[in-house]
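Q: Pasting a predicted model and its sequence here:
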Amino acid sequence: MARKAATTRRETLKATAIGAFALAIAPRLALADAASVDAEIKKLYGDKKPAEGKIKLDVPQIAENGLVVPINVEVESAMSAADHVKTVHVFADGNPLPGIASFTFTPESGKAAASTRMRLAQTQNIICLAEMSDGKLYSAKAQVKVTIGGCGG
Amino acid sequence: MHAPATAGPLLSHHNKDARPIPSRERESMISRRDFLQAGAAASALLGAGGYGSLGRLAAQQKLSEAELLSFASTGNVTLIHVTDLHSQFMPLYFREPSINLGVGEVKGLVPHVTGNAFLDHYKIAAGSPLAYALTSEDFAALARNYGRMGGFDRIARVIKAIRAERGENRCLLLDGGDTWTNSWTSLQTKAQDVVEAMNLLRPDAMTGHWEFTLGAERVKEITEKLAFPFLAQNMRDTEFEDKVFEPMKMFEKGGVKVAVIGQAYPYTAIANPRWMFPTWAFGLREEEMQKQVNDARAAGAGLVVLLSHNGFDIDRKMASRVSGIDVILTAHTHDALPEVVQVGKTLLVATGSHGKFVSRLDLDVREGAVKGFKYRLIPIFSDAITPDAEMAALVKKHRAPYEAELGKVLAKTDGLLYRRGNFQGSLDDVFTDAMLEVRDAEIALSPGVRWGASLLPGQNITFEDITNASAMTYANCYRTTMKGEQLKAILEDIGDNIFNPDPYYQGGGDMVRVGGMGFTIDPGAASGSRVSSLTHLKTGKPIEAAREYRVAGWASINQNTEGPPIWDVVSQYLTAKKTISPRPLDAVKVVGP
C-alpha cells in the first residue's frame, strides 16, 4: 500500500442491482464502451500511445459482489525524484461512466501502489493507465466478470 | 446434438512411440498395464455375448476385495484422496455424465470425454466393472450386475487397508471438500453426523465449498474442534483481508517434508448464498498460491501437494501457471479419471464423487523431487468390499432417528433417473415437472448442481432419494414472475459460467435445469449469444422478451426466499403421480462445431 496515495473518487455510479434467480435484472443504462475509455484517455494525454508493462493490476476474475469489487494496482518504479510514477488512472469500459479513480503519487509515496473498491454494472474490462515522471504512459487491462450467480455445484 | 468428443493426445504415454519416455511416465505406464489387465479379465469373464449378460453373480465373482485393493506399492509417500462425498453414507448408483463438454483449449481433452470415447481413450472394455463405474454406457443393465458403489463403511475399510499395508508414517489422507452437506441426515444434524464419521477416518487435512452453506458460525464451530486442519489459502476476511483458515500445513511422511496447501472453491460467494458467510471472500488468488508454494519449498518441503476445490479445468490451468506444485488433488467438477493427468511436472488426480472412488497415489520422493509414482483410482464396489464394522455402527446410529422418514416410498420409476450431465437429466425433469404442477408455474428452474444419485428402472423413489438430490440449507421453492428477456439473461449467464473458454472465468456446476421451456445452446459461441430459440413448450410459441411468465424455482442465493422446501414440493407431486415414466430429454438442443 502507498503511504499516502491521494484518491480522487471521480464519480459515484448509480446503483445497479445484481439480480439472482428471483430478482429483477437491472434496467438497461446507457453504458460506456471501449471508445469512451479511449476518448477519456485522449482528453488527458492526446494521441500519446501507452506501452504495456510496469503495471500489476490485481482484480478478481469473477466479482463476488459487483457493488464492491476490490482492485489493487501497483506500478514498478524507483520512485526517485528523477524517475517516479505521477498518476494512475483506472477506467471501466462497461459502466455508465468510464472513470473509476485517479491516484497521484510523489517520490515521497515510496511505492506507487493503491487499493480501492469499485462498483461494476456488468462484465467489463478494467483499464489502468500510469503516467511516469518522464511523460511515458503505461497501460494494463483485465476483465472482471459480473454474474447473476447461483447454481454452483 | 454435439459431435462425440474425441480423445486428444493429453496423456503423453499414449504417444509412447513418438519420443523417449522419462522415468515418471514409465511408472505411470506400469500402473496402467496392471489396470488394463484387471479390465481385460473382467471383460473375458463377461464373455463376448455383451454387456453384463452373465448377470450379477458372475460379475460379483470377479469383483473381489483383494483385487480392488491390490497395489504394487512404490516410493515413500502415499496420498489417499477422497472428495465430493456429499455426505452420502450409504452405497448408491451414480451415473457418470454422457455429456460433459469442454470448450476452448480443453475441447476434447479429459475429463471432457464421455461414454464410448472415454472407454476407447482408456482402453476399458465395454461392459466391464470400470465401464460401469466410469461412464454412462448401458448404465442401468450394468448397475444391476455390479451393484451400488461407495458407502462410508466401505471407504473406511479401503483406507484402513492402505494404511495397514503402507504404515501410517507414509500415508496422508486428504479430503477435498463437499463432504459435510447434501444428505437429509446431515441437513438435520447440521453436519454433525458427517463430521463424526469423517473424524473416524482421521483425515490429515481438508478444504471446502458446500461446507460454507452451513453458515460461517457453524463452520467455525466445527473446524475449531477438528483434530486436523481445514486449509484454504484463498479465503480472506472482507474487512481486513485476514486469512480465515490456515493456508498450508507441513507433514513429515516417509522421511519427506510434505506441504499440503488448501484451496477452497474460489467462487463460493458467487455460486452459493454469500449472506450465509458475509465476511468471507474467496477467489483464485494465483499469485498468493505461487507465494505459498515458494514458502513451502523454502521451509524444506520435498513434496508440495495442492488440496484443491478449484475444479479440474481451473486446476489444469493453474498447474500451467504456478510452478513447483508436485500433485494437485482435484475436486468440485466430480470427474473420475483412471489415470493421472500430467501438466508439466504436476500430476493431477481426479477422484470422482459420491464415494464411488478412493484415490491412492504412491510417490517416490527423493532429493526434493518426485522420481516416480504409481496411481490407482480404486472403485468402491459395495458388494465386493467388506463394510468396516466401526463405521457401519456409527452410520447406523446417525441414521436411526431418520430411518422411517428416509425409507418412505413416494412413487416408483419406470425408467432410469439421473441428474449429472451438462444439461437436463431425467431426475431434473421430475423436479421441474413437480414445480410446474404443484406451484402452478409456466416455467420452472432447478439448479445444475452435479450431486444427486441415480435410480434404476423399476426402483421405488423414496424420500431419501429425493433429499439426496436436494438437501441443502436454502431449498425454498419460490414463485415469481420473470420477463422472457430475464429468462434469456439467466440462461446466458449460467451458460457462460460453464462454457467460458477461459477456465478462470468458469463458475462451475452444470447448466440450469428448465421445465416448461425449451432452448438451443451453442456452447462455443461468444458470451451472451449462446442461447436461442427459447420456446414455451406448452403452447409451442417462442418466449416473448417483454411478456411476464410465472416462474417457480429453488436454491435461490437471495436471503429470505419464500416458499415450501423443494423436497415437499417433489414429494407431493410424486405421491399423487405414483409412477414416473421418464420422457425423451429433447427440450435442450445443443448445436455448434
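A: That came in fine, so what should we check first? These numbers come from a predicted model, not from an experiment. Residues are numbered from 1 along each chain as shown, chains lettered A, B, ... in the order given.

Q: Can you show me the helices along the stretch 251-400 of chain B?
A: Per DSSP state H, counting those that start in this stretch, the stretch 251-400 of chain B carries helices over the ranges B:268-271, B:286-298, B:312-321, B:389-399.

Q: Now the weakest link among those, please, by mean pLDDT.
A: Ranked by mean pLDDT, these bottom out at helix B:268-271, with a mean of 94.

Q: Any chance of TSV for the helices of the stretch 251-400 of chain B, columns distance to A:Ala51 and mean neighbour count?
A: No exception for glycine: its C-beta is placed from N, CA and C like everyone else's. Shown next, in TSV, are the helices of the stretch 251-400 of chain B (distance: least, Cβ to Cβ, whole Å; neighbours: other Cβ atoms under 10 Å in any protein chain shown):
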stretch	distance to A:Ala51	mean neighbour count
helix B:268-271	34	28
helix B:286-298	23	17
helix B:312-321	24	22
helix B:389-399	62	17
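
Q: Now distance to chain A too, for those, in CSV please.
A: CSV is the format used below for these (distance: least, Cβ to the nearest Cβ, whole Å):
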stretch, distance to chain A
helix B:268-271, 2
helix B:286-298, 7
helix B:312-321, 10
helix B:389-399, 24
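
Q: List the contacts of the most centrally placed residue in chain B.
A: Per Cα atoms, centre = their mean, the C-alpha nearest to the average position across chain B is that of B:His334, at 2.2 Å. B:His334 makes contact with B:84, B:352-354, B:420, B:450-451, according to Cβ atoms under 8 Å, 6 or more residues apart in numbering or on different chains.

Q: of all the residues you listed, which comes closest to chain A?
A: The shortest approach to chain A among the contacts of B:His334 belongs to B:Arg450, at 5.3 Å (Cβ to the nearest Cβ).

Q: part of a helix, is that closest one?
A: No. Assigned with DSSP: H, G, I helix; E, B strand; the rest coil, B:Arg450 falls outside any helix and is coil.

Q: and it, how many neighbours?
A: 26 (other Cβ atoms under 10 Å in any protein chain shown).

Q: do you know how far B:Leu348 is from A:Ala51?
A: Per Cβ to Cβ, to the nearest Å, B:Leu348 is found 37 Å from A:Ala51.

Q: between these two, who's got more neighbours?
A: Per other Cβ under 10 Å, whichever of B:Leu348 and A:Ala51 has more neighbours is B:Leu348, with 24 against 10.

Q: re the thing from before, excluding covalently adjacent residues, which one is nearest to the residue nearest to the centre of chain B?
A: Setting aside the residues directly before and after it, B:His334 is nearest to B:Ser353 in space (Cβ to Cβ, 6 or more residues apart in numbering or on different chains), at 3.9 Å.

Q: dump the residue contacts of that neighbour.
A: Each residue near B:Ser353 by Cβ under 8 Å, 6+ apart is listed here: B:83-86, B:94, B:178, B:334, B:336, B:450-451.

Q: hmm, which of the residues you listed are the buried ones?
A: Using 16 or more other Cβ atoms under 10 Å in any protein chain shown as the burial test, the contacts of B:Ser353 include B:83-86, B:94, B:178, B:334, B:336, B:450-451 as buried.

Q: neighbours around the nearest residue to B:Thr279 once chain neighbours are set aside, how many?
A: Closest residue to B:Thr279 apart from its sequence neighbours, by Cβ to Cβ, 6+ apart: B:Thr238 at 5.0 Å. B:Thr238 has 18 neighbouring residues, counting by other Cβ under 10 Å.

Q: what's the answer for B:Val343, then?
A: B:Val343 has 18 neighbouring residues, counting by other Cβ under 10 Å.

Q: need the contact list for it.
A: So B:Val343 contacts B:316, B:319-320 (Cβ under 8 Å, 6+ apart).

Q: so what's the most centrally placed residue in chain A up against?
A: In chain A, the residue lying closest to the centroid (Cα atoms, centre = their mean) is A:Val90, at 3.0 Å. Contacts here follow Cβ under 8 Å, 6+ apart; on that basis A:Val90 touches A:71, A:73, A:99-103, A:118, A:126-129.

Q: go on, A:Ser133?
A: Contacts of A:Ser133 (Cβ under 8 Å, 6+ apart): A:82-86.

Q: measure it to chain B for me?
A: Distance of A:Ser133 to chain B, computed by Cβ to the nearest Cβ, to the nearest Å: 27 Å.

Q: just checking, A:Glu125 touches A:Ala142?
A: Not Glu; residue A:125 is Asn. Yes. Between A:Asn125 and A:Ala142 a contact is recorded at 7.0 Å, counting by Cβ atoms under 8 Å.

Q: Could you save the contacts of A:Val90 as a markdown table and add columns showing neighbour count, secondary structure and pLDDT?
A: As requested, the contacts of A:Val90 are exported to a markdown table (neighbours: other Cβ atoms under 10 Å in any protein chain shown; DSSP: H, G, I helix; E, B strand; the rest coil; pLDDT from 0 to 100):
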| residue | neighbour count | secondary structure | pLDDT |
| --- | --- | --- | --- |
| A:Ile71 | 22 | strand | 96 |
| A:Val73 | 26 | strand | 97 |
| A:Gly99 | 19 | strand | 95 |
| A:Ile100 | 24 | strand | 95 |
| A:Ala101 | 22 | strand | 96 |
| A:Ser102 | 19 | strand | 96 |
| A:Phe103 | 24 | strand | 96 |
| A:Met118 | 21 | strand | 95 |
| A:Ile126 | 24 | strand | 97 |
| A:Ile127 | 23 | strand | 97 |
| A:Cys128 | 23 | strand | 97 |
| A:Leu129 | 22 | strand | 97 |
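
Q: Go ahead and confirm A:Val85 touches A:Glu74.
A: No. Contact between A:Val85 and A:Glu74 fails when scored by Cβ under 8 Å: they sit 9.6 Å apart.

Q: Quick check: neighbours shared by these two?
A: Joint contacts of A:Val85 and A:Glu74 (Cβ under 8 Å, 6+ apart) are A:Ala112.

Q: what about the strands in chain A?
A: Taking DSSP state E as the test, the strands found in chain A are A:6-9, A:51-52, A:55-58, A:69-75, A:85-92, A:99-104, A:112-118, A:124-132, A:137-144.

Q: Single out the most deeply packed of the ones you listed.
A: Mean neighbour count (mean count of other Cβ atoms under 10 Å in any protein chain shown) peaks for strand A:85-92 among the strands of chain A, with a mean of 24.

Q: Can you read off the backbone torsions of the residue in the stretch 401-550 of chain B positioned nearest to chain A?
A: Across the stretch 401-550 of chain B, the shortest distance to chain A (Cβ to the nearest Cβ) belongs to B:Val449, at 2.9 Å. Dihedral pair for B:Val449: phi -70, psi 160, per degrees, to the nearest 10.

Q: in terms of contact, does it touch B:Gly509 like I think?
A: Yes. Using Cβ under 8 Å, B:Val449 is in contact with B:Gly509, at 6.0 Å.

Q: Out of the helices and strands in the chain, which is least certain?
A: Unless you meant another one, I'm taking chain A. Ranking every helix and strand in chain A by mean pLDDT, DSSP states H and E puts strand A:6-9 at the bottom, with a mean of 34.

Q: You answered for a different chain; I wanted chain B.
A: When each helix and strand of chain B is scored by mean pLDDT, DSSP H and E, helix B:23-46 comes last, with a mean of 39.
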